[in-house]
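A.B. asks: the following block contains a protein sequence and its predicted model.
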Amino acid sequence: MFDRLASVEGRYEELNELLSDPDVVSDTKRLMKLTKEEASLRETVATYRRYKEVEADIEDTLEMLSETSDPEITEMAKEELTDLKKEKTGIEEKMKVLMLPKDENDDRNIIMEIRGAAGGDEAALFAGDLFGMYQKYADAQGWKTEVLDANITGIGGYKEVTIMITGDNVYSKLKYENGAHRVQRVPSTESQGRIHTSTATVVVMPEAEEVELNLADKDIRVDIYHASGAGGQHVNKTASAVRLTHLPTGITVAMQDGRSQIQNREKAMKVLRARVYDHIQTEAQDVIDTERKSAVGTGDRSERIRTYNFPQSRVTDHRIGLTIQKLEQILGGKLDEIIDALILHDQTEKMEQLKNDH
C-alpha cells in the first residue's frame, strides 16, 4: 500500500506543476481533466503526509524516552506516544479506504428519473413522495435541484419526473438509489382501510459534460411537436416539445416542460447525454466485472431495493438488511443513516475483494 501511496504523492506533485504550465491553462479540456484528477488525489496525499509526520513524531518521542531519566518528561512522552500511536492506527484505516478503487463518476452531478410503476395513482403519489424526499435531502447537502421535465397526474402525483441535482460529490451518495422502491400503505382512496403495495422506480445517471461526450449531430434525430397536457392556449398553439433520438443506441428523450423549443432542446440534450454516457458505462461495467458487481452497486434497476412500510413506520433496505423505524424522517429527507450504511457496506465489500485479489 505504501508504494502505491508514494506513487500517488508523486503524481500529485506532478499535477500541481502541470496546472501552473501556461500551455495547460490555455487548453480548457486538458485543464479540466487535470484539475479533476488533482482534486481526487488531494485528500489521499494530505492523509499520507500526515501519516509520515506522525511516524516521525513517534520516532522522536521514542528517542526522547531512551535518552531521558527525568520522570516528568518520561510521563509526558509516554502520554504523547499513546496519542500518536492511536492517531497512526486511525490514519492507517483511513488510508485503506482512500486507496480503494474509486468510481470515476463519484464527484459528478446527476440526472435522476423517478417513475410511478405498479399501482396506478398510488404509485404516482409515491413517486411524488420520493421526489420530495430527494429534494429535501439535496437541500440539506447544500445541493441545487432543477426539474427538467414532469408528468403530473390529476391527483397530484407524478407519472414521471426528471430532475438534475448539482453540487459536491452528488453521484457518490445518490448512486445507491437506483432500483425499485416499494411502498405499503392504506391509500386515501381506500374505503375499507386495506393496505396496498405500490412501486416507483428511480434511475440515477452521472451528468456527462459536452467536452467528455460529444454527440455528433448526424447521430441525433430531432422531432418537434405540440406539447400535450395542462398548459392552456400556449400548449395548443406552439410546437415547443422536442424529441431527440440517438440513432446508434436508439435512446430517446422527449421534453415538453419548458416554455420554448430552445429550452426543451437544451434540457433534452442534457438528459440524452447522461443516458448515452450511462449506457456506455453500463455496457463496459458488464463486460469488465459482471461477477464482481457490488450488492449495493448501480446494477439491476428492476431490483426491489427498499420498502417503505407506513403502518409500522418502517423503512427496510433489502440489499444490506437494514431496517429503521423512522419513516417520516426519511421521507423528510433525512437519508444520511441509510446512505452512510450503504457506503460502508460497499467499502467493506471492496476491501474484501482486494484481499482476495492479493
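C.D. replies: Ah, there it is. Numbering: from 1, shown residues only.
A.B. asks: alpha carbons only for contacts and neighbour counts from here, please
C.D. replies: Fine.
A.B. asks: look up which residues are beta-bridged to residue 204.
C.D. replies: residue 112 (DSSP bridges).
A.B. asks: per-residue pLDDT, it?
C.D. replies: Here, the pLDDT recorded for residue 204 equals 91.
A.B. asks: the one 4 residues further on now?
C.D. replies: According to the per-residue confidence, residue 208 scores 82 in pLDDT.
A.B. asks: what about the strands in the stretch 51-200 of the chain?
C.D. replies: In the stretch 51-200 of the chain, the strands defined using DSSP state E, counting those that start in this stretch lie at 110-116, 144-152, 158-166, 179-185, 196-206.
A.B. asks: what about this protein, any weak spots by pLDDT?
C.D. replies: Residue ranges of the chain with pLDDT under 70: 189-191, 210-212, 227-238, 258, 284-302, 354-358.
A.B. asks: residue most distant from the centroid, it?
C.D. replies: Here the chain reaches farthest from its C-alpha mean at residue 69, the gap being 56.1 Å by C-alpha atoms, centre = their mean.
A.B. asks: show the contacting residues for that one.
C.D. replies: Under the criterion of C-alpha atoms under 8 Å, 6 or more residues apart in numbering, residue 69 has no neighbours.
A.B. asks: cool, residue 325 as well?
C.D. replies: By C-alpha under 8 Å, 6+ apart, the neighbours of residue 325 are 312-315.
A.B. asks: buried stuff in stretch 40-51?
C.D. replies: 40-41, 44-45, 47-48, 51 (16 or more other C-alpha atoms under 10 Å).
A.B. asks: can you list contacts of it?
C.D. replies: So stretch 40-51 is contacted by 5, 8-9, 12, 88, 91-92, 94-95, 98-99 (C-alpha under 8 Å, 6+ apart).
A.B. asks: distance from the chain centre to it, please.
C.D. replies: From the chain centre to the centre of stretch 40-51 is a distance of 23 Å (C-alpha atoms, centre = their mean, to the nearest Å).
A.B. asks: measure residue 63 to residue 135 for me?
C.D. replies: 56 Å (C-alpha to C-alpha, to the nearest Å).
A.B. asks: ok, these two, which is more surrounded?
C.D. replies: Shown here are residue 63 and residue 135; by other C-alpha atoms under 10 Å, residue 135 has more neighbours (20 against 12).
A.B. asks: need the contact list for the closest residue to the more buried one other than its chain neighbours.
C.D. replies: Of all residues not flanking residue 135 in the chain, residue 145 sits nearest, at 6.6 Å (C-alpha to C-alpha, 6 or more residues apart in numbering). Taking C-alpha under 8 Å, 6+ apart, we find residue 145 in contact with 135, 138-139, 163-166.
A.B. asks: what pairs with residue 145 across the strands?
C.D. replies: Bridge pairing for residue 145 - DSSP bridges - gives residue 165.
A.B. asks: one more: residue 317?
C.D. replies: residue 306, residue 322.
A.B. asks: tell me, how many residues neighbour it?
C.D. replies: 19.
A.B. asks: from here on, call the first residue 47.
C.D. replies: Okay, residue one is now 47; in that scheme the one you just asked about reads as residue 363.
A.B. asks: for it, give me its contacts.
C.D. replies: If you count contacts by C-alpha under 8 Å, 6+ apart, then residue 363 has 351-353, 369, 384 around it.
A.B. asks: buried ones among the residues you listed?
C.D. replies: By 16+ other C-alpha under 10 Å, the contacts of residue 363 give 351-353, 384 as buried.
A.B. asks: just the residues you listed now: which is nearest residue 216?
C.D. replies: residue 384 (15.3 Å; C-alpha to C-alpha).
A.B. asks: for the closest one, identify the helix or strand it belongs to.
C.D. replies: helix 382-403 (DSSP states H and E).
A.B. asks: centre of the chain to that helix, how far?
C.D. replies: 15 Å.
A.B. asks: again with stretch 216-229
C.D. replies: 8 Å.
A.B. asks: what distance separates the opening and closing residues of it?
C.D. replies: Terminal-residue distance, stretch 216-229 (C-alpha to C-alpha): 25 Å.
A.B. asks: of all the residues in that stretch, which ones are buried?
C.D. replies: Those would be 216-229, for stretch 216-229 by 16+ other C-alpha under 10 Å.
A.B. asks: same question for stretch 141-151.
C.D. replies: 141, 143-144, 151.
A.B. asks: cool, stretch 152-170 as well?
C.D. replies: Of the residues in stretch 152-170, those buried (16+ other C-alpha under 10 Å) are 152-163, 165, 167-170.
A.B. asks: residue 298: which of the buried residues of stretch 86-97 is nearest?
C.D. replies: Nearest member of these to residue 298, counting by C-alpha to C-alpha, is residue 86, at 33.1 Å.
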